[in-house]
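S.K.: 3D model of this:
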Amino acid sequence: MKKPKHKVPVSKTAVTGNQTGTREKLDQWCKKNQLWVIVFIIISSVILRIVYFQQTAKTLFIDEHTNLETDMSFFHLGASKIAAGDLLSKTIEHPQHKWMEWVSGRYFLAHPDKLEQFKTAIGTDTLKNNPTKMLWNQWYGKHTFQQEPLYPYFVALNYSLFGKNVRWVFFFQLLFGILTNLLIFFVTYRYFGALTAVVASLLALFFGPMLFFEMVLLRSSIAVFLGILLIYLTGTALRKNSFSWWILTGIAAGLAILVHSFFILYVLGIAIILLIQNRKKLSTGILFSASMVAGVFLTISPAVIRNISVDTPPLSLSSTAAVSFVTMNNINFKSFTGWNMDVQHLADIMDQADGKLLNVIIPTIRTHKSFSSYLLQVWDKLHATFSSHEISNNVNYYLVRESTPILFLTFITFLILSPLAITGIFLSWNYRLHAWPLYLLILTYLFAMLAFMVLARYRIILVPVLIPFAALTITELLKTWKGWKNYLVVFAIIILGFWVSTTGSANVSQINSYDYVGIWSGHYVNKVKEQLDHKQWDKVARELSDFITRYEPGKVSGASTSYRCADQNEAGIFEYFSGMHANLAQVLVNAKDSEGAGREREISAKLKDIAARKPLHTDP
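M.R.: Numbers count the residues shown, from 1 in each chain. Here you go, the predicted structure:
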């Protein structure tokens with residue numbers, strides 16, 4: 001086995017005679033007790049996940065896939081069809097979410113001729129087809145994967161083996177979470193030493209959002225695992241300098257690409273660096289790169305073959321890139337608002353570009369009055385990428401945390417991670433020739449965030465590669481005090497902490513009224529509609545009462561008559577639950593419960609009055 005070309009930098013803190021620095025003593029202890037550290041990581045990871053599973057299983061959040069307006073529902077329905085035998089995903093249709101209807105409505109308003117054209121093409125087939133569906137099939141491609149295909153096939157495999165029970169999917173995602181924590185330890189140990197690896201493990205164990213996504217039917221947790229696995233395999237291939245390890249790295253990269261296409265940038269980056277590192281013996285660099293690329297094509301070849309068989313471009317792995325780019329880069333987009341599309345821009349540009357990514361880039365950027373406006377938007381995305389605020393999409397971390405106390409125990413978030421990690425990236429300069437795969441993957445992720453979208457479900461993949469740098473900052477501060485340098489590091493952490501704790505000019509809240517609307521529409525509406533049709537007022541009342549009991553925030557239910565909302569978002573929550581209590585009052589009237597109806601009317605009136613008051617803070 002060949003030795004690596006670059007040695008791990010040795011701490012500059014000298015070890016003279018019997019005098020050893022604090023960090024060195026701790027590092028030596030961690031090395032001697034490495035096995036016990038690994039056992040601790042595994043046991044702690046397992047315990048946290050058992051508790052989290054039990055707590056989530058008692059809530060409705062474990063069944064978020066029943067809400068048809070979510071990507072979780074799309075993955076569930078698609079996986080169900082695959083498990084039922086549709087191995088080529090021929091019958092899996094693009095979702096028809098409300099926002100898609102808004103865009104198509106605006107498009108047909110401007111192009112009535114197209115509406116008539118689609119209606120003529122549909123003919124009498126109105127049950128399976130409609131103009132909105134046909135328009136989005138035109139933009140997306142009828143048989144193009146809506147999102148990268150590995151995750152729905154992973155879910156389908158679980159459904160085939162264990163039945164359509166998402167709990168088995170979550171079991172394996174939680175298992176991947178345990179492996180992720182172990183890989184973070186091994187990767188950090190390799191690049192920054194034993195003590196830093198132990199600190200990194202603790203940061204990973206108690207990083208709440210990473211644990212949270214392991215029980216959401218989204219590809220986030222799989223992407224987290226594959227990202228850090230790719231770093232580990234890249235480092236191993238660099239050390240062993242064998243074709244087999246580069247092929248294995250390529251296979252892992254191919255799996256990652258089948259989860260998120262942007263991992264192809266990491267592969268290209270590795271290939272270029274291999275050629276540079278082996279420039280004196282270029283044939284070696286070419287062979288290693290070719291081995292990795294072969295592994296990539298071996299892995300993605302089933303998707304390529306499938307695409308060819310359904311008459312779709314061979315390398316087309318996702319159809320949403322163009323929509324995402326327009327949504328997240330037009331002049332009206334604000335990073336901290338999340339998936340908040342400009343319907344007019346989206347309809348106009350998608351029409352001009354016919355849904356093709358390369359065709360939407362220039363028209364979207366041209367919506368800005370100047371290029372500096374676009375650059376400011378990119379800076380805002382960078383701010384959102386490292387911000388302490390979790391930008392919700394499909395599922396809200398803060399809302400789920402209210403029902404799962406373990407997420408409060410796993411208290412580490414981007415508020416702690418970002419300042420330490422950014423500082424650590426600069427402190428790790430002496431490690432750059434050794435730890436370059438970490439830098440490369442961070443750059444890959446940042447490109448994806450800044451070019452497209454910053455949402456909690458996507459930026460979570462950054463966490464495993466930021467944690468080693470955050471841990472390095474902590475261990476660097478454990479060295480013998482170095483005067484002004486340490487003061488400078490602490491000052492940088494404080495300034496960065498302030499920066500990530502803000503959301504710029506955006507007025508955002510952790511939980512909004514539409515989060516509760518999503519729960520009600522996803523878990524209660526269909527059942528209540530059926531009960532209303534049969535005038536089963538007692539059952540409707542029970543459903544309303546159950547929703548209010550489960551999800552009405554304590555600040556709402558316990559508010560005094562003199563309470564003033566903090567901001568307009570909180571006022572919206574009070575107004576929403578005022579409406580829910582009013583609805584319950586009316587249902588109780590129909591159920592002949594006048595006493596209960598009167599009580600609910602009083603609560604509704606109080607909440608409505610509170611919502612109508614001027615909040616303590618108003619939007620600028």
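
S.K.: ok, Q55 - how many residues close by?
M.R.: Residues near Q55, counting by other C-beta atoms under 10 Å, number 18. Just so you know, the C-beta spots here come from the backbone N, C-alpha and C atoms, and that holds for glycine as well.

S.K.: how about the nearest residue to it, chain neighbours excluded?
M.R.: Of all residues not flanking Q55 in the chain, T404 sits nearest, at 4.3 Å (C-beta to C-beta, 6 or more residues apart in numbering).

S.K.: so is the one you found in a helix, a strand, or just coil?
M.R.: coil (DSSP: H, G, I helix; E, B strand; the rest coil).

S.K.: who touches G123 in this structure?
M.R.: By C-beta atoms under 8 Å, 6 or more residues apart in numbering, the contact set of G123 is empty.

S.K.: in the host helix or strand of F577, what counts as buried?
M.R.: For F577, the host element (DSSP states H and E) is helix 568-590. Buried residues in helix 568-590, defined by neighbour count with 16 or more other C-beta atoms under 10 Å: 569-578, 580-589.

S.K.: follow-up on the earlier one: so who does the residue nearest to Q55 touch?
M.R.: T404 neighbours (C-beta under 8 Å, 6+ apart): Y52, Q55, T56, T59, F61.

S.K.: and W436, by the same measure?
M.R.: Contacts for W436 (C-beta under 8 Å, 6+ apart) come out as I273.

S.K.: now it: how far from L443?
M.R.: If you measure W436 against L443 using C-beta to C-beta, to the nearest Å, the figure is 10 Å.

S.K.: what's the closest non-adjacent residue to the residue positioned nearest the centre of the chain?
M.R.: Nearest to the mean C-alpha position of the chain, counting by C-alpha atoms, centre = their mean, stands R457 at 1.1 Å. Among residues not flanking R457 along the chain, S220 sits closest, at 4.9 Å (C-beta to C-beta, 6+ apart).

S.K.: low pLDDT regions in this protein?
M.R.: Scanning the chain for pLDDT under 70 picks out 1-21, 125-128, 480-482, 505-506, 618-620.

S.K.: helices or strands next to the helix or strand hosting N486 in the packing?
M.R.: Element membership for N486 (DSSP H and E) is helix 484-500. Helices and strands touching helix 484-500, by 3 or more C-beta pairs under 8 Å, 6 or more residues apart in numbering; DSSP states H and E, are helix 371-386, helix 414-427, helix 463-476.

S.K.: please state the offset of the first one from the chain centre?
M.R.: So the one you mean is helix 371-386. Relative to its chain's centre, helix 371-386 lies at 19 Å (C-alpha atoms, centre = their mean, to the nearest Å).

S.K.: just the CA atoms of whichever helix or strand comes after it, as PDB, please.
M.R.: The helix or strand immediately downstream of helix 371-386 is helix 397-401, counting by DSSP H and E. The C-alpha trace of helix 397-401 is given here as PDB (Å, rounded to 0.1, in the frame of the first residue of the first chain):
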ATOM      1  CA  TYR A 397     -38.900  21.400  11.900                       C
ATOM      2  CA  TYR A 398     -40.100  23.800  14.500                       C
ATOM      3  CA  LEU A 399     -43.700  22.500  14.400                       C
ATOM      4  CA  VAL A 400     -42.600  18.900  14.700                       C
ATOM      5  CA  ARG A 401     -40.300  19.800  17.600                       C
END
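
S.K.: contacts for the very next helix or strand once past helix 397-401, please.
M.R.: The C-terminal neighbour of helix 397-401 among helices and strands, as given by DSSP H and E, is helix 406-409. Here helix 406-409 makes contact (C-beta under 8 Å, 6+ apart) with L48, V51, Y52, Q55, F206, G208, L211, F212, Y397, V400, R401.

S.K.: for H260, grab phi and psi.
M.R.: With angles defined as degrees, to the nearest 10, H260 sits at phi -140, psi 120.

S.K.: residues touching it, list them.
M.R.: Contacts of H260 (C-beta under 8 Å, 6+ apart): E148, R219, A223, A448, I461.

S.K.: what about the closest residue to the last one other than its chain neighbours, which SS state?
M.R.: Right, the one you point to is I461. Nearest non-adjacent residue to I461, counting by C-beta to C-beta, 6+ apart: A223, 4.7 Å away. Classification of A223 by three-state DSSP places it in helix.
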